[in-house]
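K.L.:
return atomic coordinates for the entry below.
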Amino acid sequence: MTGLQALLRVRETYIGIVATIAFQLIFFTIWMTAYDGVNERAEQLSIGIVVEDSVMGQQVAQNIKGSIPFAMEDYSSM
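P.N.:
Presented below is the predicted three-dimensional model:
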């Protein structure tokens, strides 16, 4: 407990706490606004699936194609 009290007496500790909170506020207000409307533009995203498994790969790729709202292409190799 005395170690924590000694740490809180140092001015740089408060500067670090304020900087951390300021970073989080900036992150949430600027970075997270870029995600506005992502669900409305999901169909514009194209995804490629590389299927190398001949046993279950095609079935898995078809299940993925049917369940997500993206434009998808099948590829045999990278």
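K.L.:
count of residues packed around Asn39?
P.N.:
If you count neighbours by other Cβ atoms under 10 Å, Asn39 ends up with 9. The C-beta positions use only the backbone N, C-alpha and C, and glycine is treated the same way.
K.L.:
how close does it sit to Leu7?
P.N.:
When Cβ to Cβ, to the nearest Å is the yardstick, Asn39 and Leu7 sit 44 Å from each other.
K.L.:
mind listing what's buried along stretch 68-78?
P.N.:
Neighbour-count burial for stretch 68-78, counted by 16 or more other Cβ atoms under 10 Å, picks out no residue.
K.L.:
mind giving me the packing neighbours of whichever strand or helix holds Val60?
P.N.:
Using DSSP states H and E, Val60 falls within helix 57-67. Applying 3 or more Cβ pairs under 8 Å, 6 or more residues apart in numbering; DSSP states H and E, one finds that helix 57-67 contacts strand 46-50, strand 71-75.
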